[in-house]
Structures are given as structure tokens and as C-alpha cells.
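# Provided below for reference: sequence and predicted model.
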Amino acid sequence: MSAKKYDVYAIGNAIVDYEIEVDNAFLEANGVEKGLMTLAEQDRQDGLLRAAKSNIRKKQAGGSAANSVVALAQLGGTGFYSCKVALDVDGTFYRDDLVEQGVATNLSDAKLDEGVTGKCLVMITPDAERTMSTFLGISSNLSLSELNLDQLENSHYLFLEGYLVSSPSGFEAIKEAKKRAKTAGVKTALTFSDPSMVKYFGDQMHEVVGEGVDLLFCNEEEARLYAGTDDLTQAIEKLKKITKSYVLTLGSKGAQIWDGENIHHIDAVKTQAVDTTGAGDIYAGTFLYGINHGLSYVEAGNLASLAASQVVSQYGPRLKKSKIREFLAEIKNKN
């Protein structure tokens, strides 16, 4: 690859995660739809937080694309993250965490605005499924102003977080970023992020895809929803028309990766799942690291599978740097 400053320039929501252990009865009693990410107003989220306060396990910086770029940076890759936080405790916490993780960000030079930084209540049931209630806060105002086009053009990949289609200004920002990336010869990777984004913001997602992307990350349900069919084979054929390559995660069945010519199956690594939060995020981040640093699509997929299996066996969407680098060494030693 030609010399560029960053492997990946990513855009996404800046969200502080509150991980909470709940049961199905809690979700039913509070009218929460299990297994999905639901956008909530602040008073609704505050009510859930009060109801579950005694069950909070941890607070940490999150956001889908941010988790991906942190994983890439932990492996030694270079990433830039554009997002928006407020001038409050959570905003400062979030900015400092990105810097500590070795991720460059627009927040380093930005004057933070008054407001409330976004929060996500990640409610984890005993079956390890995660249900999310997200108050975007000031992140819903992410716009063209948060883009750093010089850094975007100095990157190998633009990575777009599908969650941004739910925000009018965020939607415009990722469309403009994709346009600029194409002009500058920067490849575009997109994650659908969550079935709810494809289901409820389908028109916006189709518009973001536009003439196509270079790399798409999605799961089975998202693929079917995007293609408008229950037949996965038909959905895959639709995906091939909108992307030059894809990573289709299949849960306990592993993943299917299409490199533009051949389809490869990546086996899942057996593990005892306790929290699936961040599995797709770390899969994308480690895969992007791999293809930027000389790994084949299969090797990158195996690295991503190892990392995802580890992250679902713990609480929280990120791994320690030492652990994720062990997996990279394991993949390299097989060569």
C-alpha cells in the first residue's frame, strides 16, 4: 500500500456505555424490545437507569465505530475518529479515553459545546443477548463540522457507522465523507450496525450505499432486511451487487467472507458467551487491521473470529491490548 498516515478514518456516534445486568422480566416490565438498539429520549433513558441502577456493572467509552478503531489501534494500526461530545463529565471522559487508546480524533482540537454527551444502556440478559437503549445527546448533532477532510484523504479506508443514518445531520456527514473518499481514491467500508437501522431507516441506508462500497460488514438479519428477502442465498446475491467484498457474521456458525472472487467460511471459536456487546465492532476493527497489514482475507477473518470469541466471553466491548496482540501473534505464527 502507498504511504498514508492512517489505516482507517472512521465516523460514528460518541457514546458512553453503561453495562447493566437484567432479566427478561425487567425488559418486559419496562417495555423494552429485546435484542435491538432503540433510540430513546433522555427522560426515558433516565427512568431505565434509575430502575436498573443497582445492576450497573461498568461504565466505559463506547460507540460502534469507536470500538472498531480502538481494536485496530491496540493491534498497532493507525486510526482517526470523528465524533461529537459535549462539555460535560462524560464528554471529557470520552475524549481522554480515545487519546489514551492511541486513536487520533477531532476532539483533540475541538472546542466542546454545551449539552449532554450520548449514553447507551447496554442491558444484558442471562442468555448473553444485549439490548440497547441509546440517548444520542449531542452526538445527534454530529455534522459536516466534525469531519477532518485532510485526515480522511490521508487514510486507506473510510469506515462508516450505520447508526448515523438515524440522524439527519449525521446522515449528511457520512454521505459527504463517502463522496470525498471516492474523489480522493480512499476505499469505503460500511457497517450496517444494527437490524433496526436497516429496518427503520432503510431508505437512508440504501442512499448511503449508493453506487456501492468497497467492504461491507453485516450479520444475517441485516443482510435479509437490506435485501428484502428471508432467503439468505438471495440476500447474498444482492450484497454482491452493492459491495466489492463483504464480511457476513453468522453468530455461532462463524462468518462468511467474500473477497470479490471467492467465498470463504470462517469457523467460530467455541466460547461461553456472557455478553455479545461489541462482537461485531471488534470483528470489523481487527479485520480492517488485518487487510491493511498484509493478512489475507482468511487470516484477517480468523484474527477477527478469535477476538470476537474472547470479547463475548467477558463484560464490555473491548479487550486488553495484551490479549488482542496474543491473537495476532497466533495468526502470524501459523504462517
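Here it is on my side, so go on.

# relative to residue 140, how far out is residue 79?
23 Å (CB to CB, to the nearest Å). The way it works is simple: take the backbone N, C-alpha and C, and place the C-beta from them, glycine included.

# which stretches of the stretch 101-250 of the chain form helices?
Counting by DSSP state H, counting those that start in this stretch, the stretch 101-250 of the chain has helices at residues 149-153, 168-184, 195-200, 202-209, 220-227, 232-240.

# which among those is found nearest to residue 306?
helix 220-227 (20.7 Å; CB to CB).

# contacts for the closest one, please.
Residues outside helix 220-227 that contact it (CB atoms under 8 Å, 6 or more residues apart in numbering) are 192, 194-195, 197-199, 202, 205-206, 218, 230-232, 234-236, 238-239, 248-251.

# next one: stretch 258-275 to chain centre, how far?
What separates the centre of stretch 258-275 from the centre of its chain is 17 Å, taken as CA atoms, centre = their mean, to the nearest Å.

# right, I mislabeled it, should have said stretch 232-245
Worked out by CA atoms, centre = their mean, stretch 232-245 lies 20 Å from the chain centre.

# for it, C-alpha coordinates in CSV please.
Extracted C-alpha coordinates of stretch 232-245, given in CSV (Å, rounded to 0.1, in the frame of the first residue of the first chain):
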residue,chain,number,x,y,z
LEU,A,232,-30.1,-15.8,2.8
THR,A,233,-28.8,-17.1,-0.6
GLN,A,234,-30.8,-14.4,-2.4
ALA,A,235,-29.7,-11.8,0.1
ILE,A,236,-26.0,-12.7,-0.5
GLU,A,237,-26.5,-12.2,-4.3
LYS,A,238,-28.0,-8.8,-3.6
LEU,A,239,-25.0,-7.9,-1.4
LYS,A,240,-22.6,-8.8,-4.2
LYS,A,241,-24.2,-6.1,-6.3
ILE,A,242,-23.6,-3.3,-3.8
THR,A,243,-20.1,-4.1,-2.5
LYS,A,244,-16.7,-5.3,-3.8
SER,A,245,-16.3,-7.5,-0.7
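
# name the residue in residue 79 and residue 140 with the higher neighbour count.
residue 79 (30 against 20; other CB atoms under 10 Å).

# burial count for the closest residue in space to that one that isn't next to it in sequence?
Sequence neighbours aside, residue 69 is the residue nearest to residue 79 in space, at 3.9 Å (criterion: CB to CB, 6 or more residues apart in numbering). The number of residues packed near residue 69 is 33, by other CB under 10 Å.

# looks like residue 73 contacts residue 80 (just checking).
No - using CB atoms under 8 Å, residue 73 makes no contact with residue 80, being 10.0 Å away.

# what touches both of these two?
In contact with both residue 73 and residue 80: residue 103, using CB under 8 Å, 6+ apart.

# can you tell me how far residue 249 is from residue 74?
For residue 249, the distance to residue 74 - CB to CB - is 20 Å.

# pretty sure residue 254 is touching residue 266, no?
Yes - contact criterion CB under 8 Å: residue 254 and residue 266 qualify, at 5.0 Å.

# give me the more crowded residue out of those two.
Ranked by neighbour count (other CB under 10 Å), residue 254 and residue 266 place residue 266 first, with 25 against 18.

# now do the helix or strand containing residue 303: everything it contacts.
In this structure, residue 303 sits in helix 297-311 according to DSSP states H and E. Identification of contacts with helix 297-311 by CB under 8 Å, 6+ apart yields 71, 245, 247, 249, 254-255, 257, 259, 264, 266-271, 278-280, 282-284, 286-287, 289-291, 295, 317-319, 323-324, 327-328, 330-331, 334-335.

# and these, which are buried?
71, 245, 247, 249, 254-255, 257, 259, 266, 269, 278-280, 282-284, 286-287, 289-291, 295, 317-319, 324, 327-328, 331 (16 or more other CB atoms under 10 Å).

# among those, which ones are in helices?
71, 279-280, 282-284, 286-287, 289-291, 324, 327-328, 331 (DSSP state H).

# got the phi/psi numbers for residue 24?
Residue 24 adopts backbone torsions of phi -60, psi -30, taken as degrees, to the nearest 10.
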